[in-house]
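[1] here is my input; please provide its structure:
(chains A and B)
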Amino acid sequence: MLNISNIFKTFNPGTVNEKRAISGLSLRLAPGDFVTIIGSNGAGKSTLFNAICGDFLTDAGSILLNGQDITFMPAFQRARRIGRLFQDPMRGSAPGMTIEENLALAAGSGGWLSHVSQGDKKRFRDRLALLDMGLEDRMKQPVGLLSGGQRQALTLLMSTMNPPSLLLLDEHTAALDPGTAEKVLKLTRDIVAEHKITTMMVTHNMQQALELGSRTLMMDSGSIVLDISGKEREGLSVQDLLEKFKAGAGKNLDNDRILLS
Amino acid sequence: MDLTALLAVGQTALELGLICSLTVLALFLSYSMLNVCDLSTDGCFTLGAAVGAVVAAAGHPLLSIPAAMIAGMCSGFVTALLQTKLGIDSLLAGIIVNTGLYSVNVAVMSGSSLVNLNKKDTVFTLTKGLLAETPLAGQQNTVVAAAAVLLTVGFLTLFLNTRLGLAIRATGNNPDMVRSSSINPVFTTIVGLCVANAFTGLSGCLMAQSQKQAEINIGSGMVTIALASLLIGGTLMGRGGIFTRAVGMVLGAFIFRLVYAVALQMDMPAFMLKLVSSVIVALAIALPYLKQQWPTIYRRLSYRQAAARKGGG
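    Okay, the predicted model is just below:
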């Protein structure tokens, strides 16, 4: 469903700040895959997501989504099929607009000049109730009044309102307190399972990377150094993973935020 | 000041406030919603006045309104294009368009800096005929302006709650979110500025016809006056739905004109208007900032005082 072949990206080429962020990366995802990604600092995890979403164009290579070539498609057009959550819970929703208005934007049903219908409102209420945060009774309140965890849960709901083909989660629970992070993660799991969305999730929690999903990638210096799934992945411990990384990348995993347990 | 004079002052403030509130509503869309400070407002206001006056002088007072609005829309389109497609900073784009519009406006008025509408039919003189024999006889200026404001407020309330309106508001509210969503910020910025400038054009058109002349400086300082009104309105009715806030804008425009009219009655010279509006805008924007900074300033002051006491003792 997602087919990335041999993409390259260098920032500030020809200057002292030249940085090769992605070099010759290829990746093929099957429909329904849930991939967790871990990697050292500056390995290119977020850059890979940016490339898939079209925040910049790659220097070489191609990206196909559901068989369609999206290499040069503008970001807003890709966004119809790719949902995305950032680490910063403030990035995904408009604080000055109400919960209902944010959801209406995300739902995007009807023409440009259509208003939110009663049916839409009921649908929003039902979806919000699933979060179990009491947000269904605060639909007329501005999103700016919500806590970080509530906003991230809302963003998750917004980006899966029309289930996307691909969901990209960039450490979306890292900025939340442990309890809320747990809750948002459970929601993520439920929603992804409900709609069978193909998902890629960057995490710095090694245990989580092994427990969640069906496949784990490890990145270093802009390429994938380890790709494990199926039998090989079952029963793997964090220690095994670290050793496999060393074998693949030729060095120790170096990430100051990594959680080993 | 006797009662008749006071009423006359209120009447003028109401009429001018209503006409100017159309520009305030335009800035409500571009400045408050889209978060673009549109500095082409002065030129666009004059453009609306010039186009409206020329069309009315040619004997088509009714046609002057759509003509002025379309002219404003074109000006907004150019401003939007400069900042979305050509990478020009939004403030600079407004200034560039504003400068260019000066030539356009003189050209529209056939090389002159004044179009006189004396003894010509305007939307106001047309309404005057309609209103004769009714309780509102003689109130044509206020009636026309009020009707335009009502329609504009109604339109904005409906428009800003459509899917397109929500997308425009999101573009101004969280650009990060819009960049990663399926909204094309280029499209929403263009539509927003076109609609906003259509109302600025309408405002200019009505102003020229109520004054029975369009002159090249009619719009100068308009952006500051409108911003002052917008900030006053926002302080009064800044919370709540779009309708409440839009009504607040109209109220702000009226209050600004009222204060100004009263000041004029107290022998403040007319040329002070622009200084007054500048001070209001500067204060209104600076006060929340100073309020936020106050604890730091206070701490520094008391720290110095304590140090001085210690040094002295």
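[2] pLDDT weak spots in chain A?
    For chain A, the stretches with pLDDT under 70 are A:255-257, A:259-261.
[3] show me which residues of it are close to chain B?
    Chain A comes close to chain B at residues A:53, A:55, A:74-77, A:79-80, A:84, A:86, A:90-97, A:101-102, A:104-106, A:108, A:110-116, as judged by C-beta under 8 Å from any C-beta of the partner chain. For glycine as for every other residue, the C-beta is placed from the backbone atoms N, C-alpha and C.
[4] please list the members of those residues that lie in strands.
    Of those, the ones assigned to strands by DSSP state E are residue A:84.
[5] which residue ranges form the strands in chain A?
    For chain A, the strands defined by DSSP E occupy A:2-11, A:19-29, A:34-39, A:60-65, A:68-69, A:82-85, A:166-170, A:198-202, A:215-220, A:223-229.
[6] okay, angle between the second one and strand A:60-65 too, please.
    An angle of 40 degrees separates the directions of strand A:19-29 and strand A:60-65 when computed by axes from the mean of the first three to the mean of the last three C-alpha atoms, to 10 degrees.
[7] let me see the contact set for the residue nearest to residue A:112 when sequence neighbours are not counted.
    Closest residue to residue A:112 apart from its sequence neighbours, by C-beta to C-beta, 6 or more residues apart in numbering or on different chains: residue B:164 at 4.1 Å. By C-beta atoms under 8 Å, 6 or more residues apart in numbering or on different chains, the residues touching residue B:164 are A:112, A:113, B:188, B:191.
[8] domain assignment for chain A?
    Using automatic domain parsing, the domain parsing of chain A gives A:2-81+A:164-259, A:90-163.
[9] how distant is the last one from the center of its chain?
    A distance of 19 Å separates the C-alpha centroid of domain A:90-163 from that of its chain, computed with C-alpha atoms, centre = their mean, to the nearest Å.
[10] how long is that domain from one end to the other?
    Taking C-alpha to C-alpha, to the nearest Å, the first and last residues of domain A:90-163 lie 21 Å apart.
[11] and the contacts of stretch B:212-219?
    Residues outside stretch B:212-219 that contact it (C-beta under 8 Å, 6+ apart): B:41-47, B:49-50, B:52-54, B:102, B:105-106, B:109, B:113-118, B:120, B:122, B:204, B:207-208, B:211.
[12] mind checking which of those residues are in strands?
    Those of these lying in strands (DSSP E): B:114, B:115, B:116.
[13] most neighbours, which of these?
    Neighbours here mean other C-beta atoms under 10 Å in any protein chain shown. Within the ones in strands among the contacts of stretch B:212-219, the largest count is held by residue B:115, at 23 neighbours.
[14] now residue A:160: closest residue in space, sequence neighbours ignored.
    Nearest to residue A:160 is residue A:191, by C-beta to C-beta, 6+ apart, at 5.1 Å.
[15] give me the residues contacting the helix ranked longest in chain A.
    Using DSSP state H, we find that the single longest helix of chain A is helix A:178-195. Applying C-beta under 8 Å, 6+ apart, the contact partners of helix A:178-195 are A:34, A:130-131, A:147-149, A:152-153, A:156-157, A:160, A:163, A:167, A:169, A:172-174, A:176, A:197, A:199, A:201, A:208, A:212.
[16] please redo it, this time with the cut-off set to 6 Å
    A:149, A:152, A:153, A:156, A:160, A:163, A:173, A:199 (C-beta atoms under 6 Å, 6 or more residues apart in numbering or on different chains).
[17] now tabulate the ones in strands among the contacts of stretch B:212-219 in CSV and tack on distance to residue B:31 and pLDDT.
    Shown next, in CSV, are those (distance: C-beta to C-beta, whole Å; pLDDT from 0 to 100):
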residue, distance to residue B:31, pLDDT
B:114, 30, 92
B:115, 29, 93
B:116, 33, 92
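[18] any idea which of these is closest to residue A:123?
    Nearest to residue A:123 among those is residue B:115, at 55.1 Å by C-beta to C-beta.
[19] tell me the bridge partners for the closest one.
    Under DSSP bridges, the beta-bridge partners of residue B:115 are residue B:214.
[20] can I assume it is in contact with residue B:109?
    Yes. Contact criterion C-beta atoms under 6 Å: residue B:115 and residue B:109 qualify, at 5.1 Å.
[21] okay, helices next: where are they in the stretch 1-150 of chain B?
    Per DSSP state H, counting those that start in this stretch, the stretch 1-150 of chain B carries helices over the ranges B:3-27, B:41-57, B:61-84, B:90-108, B:123-131, B:140-159.
[22] so which of those is nearest chain A?
    Closest to chain A of the helices of the stretch 1-150 of chain B is helix B:140-159 (C-beta to the nearest C-beta; 7.9 Å).
[23] re earlier: any of the residues of chain A next to chain B buried? List them.
    Buried subset of those (neighbour count, 16 or more other C-beta atoms under 10 Å in any protein chain shown): A:53, A:75-76, A:79, A:84, A:86, A:90-94, A:96-97, A:101-102, A:104-106, A:108, A:116.
[24] just the ones in helices from those residues, please.
    A:53, A:75, A:76, A:101, A:102, A:104, A:105, A:106.
[25] turn the helices of the stretch 1-150 of chain B into a markdown table, columns for mean pLDDT.
    Compiled in a markdown table, those are given as follows (pLDDT from 0 to 100):
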| stretch | mean pLDDT |
| --- | --- |
| helix B:3-27 | 89 |
| helix B:41-57 | 96 |
| helix B:61-84 | 96 |
| helix B:90-108 | 96 |
| helix B:123-131 | 88 |
| helix B:140-159 | 94 |
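[26] which stretch among these is buried most, on average?
    helix B:41-57 (a mean of 30; mean count of other C-beta atoms under 10 Å in any protein chain shown).
[27] what does the stretch 151-300 of chain B put close to chain A?
    Residues of the stretch 151-300 of chain B found near chain A (C-beta under 6 Å from any C-beta of the partner chain) are B:161-164, B:166, B:169-170, B:173-174, B:176-177, B:180-182, B:184.
[28] distance-wise, check whatever residue of the stretch 201-313 of chain B ends up closest to chain A relative to residue B:160.
    Using C-beta to the nearest C-beta, residue B:241 is the residue of the stretch 201-313 of chain B that sits closest to chain A, at 8.9 Å. Per C-beta to C-beta, to the nearest Å, residue B:241 is found 9 Å from residue B:160.
[29] and if you look at residue A:59?
    41 Å.
[30] now do residue A:73
    From residue A:73 across to residue B:160, the span is 30 Å (C-beta to C-beta).
[31] one more: residue B:267?
    Taking C-beta to C-beta, one finds residue B:267 at 42 Å from residue B:160.
[32] again, but for residue A:94
    From residue A:94 to residue B:160 the distance is 13 Å (C-beta to C-beta).
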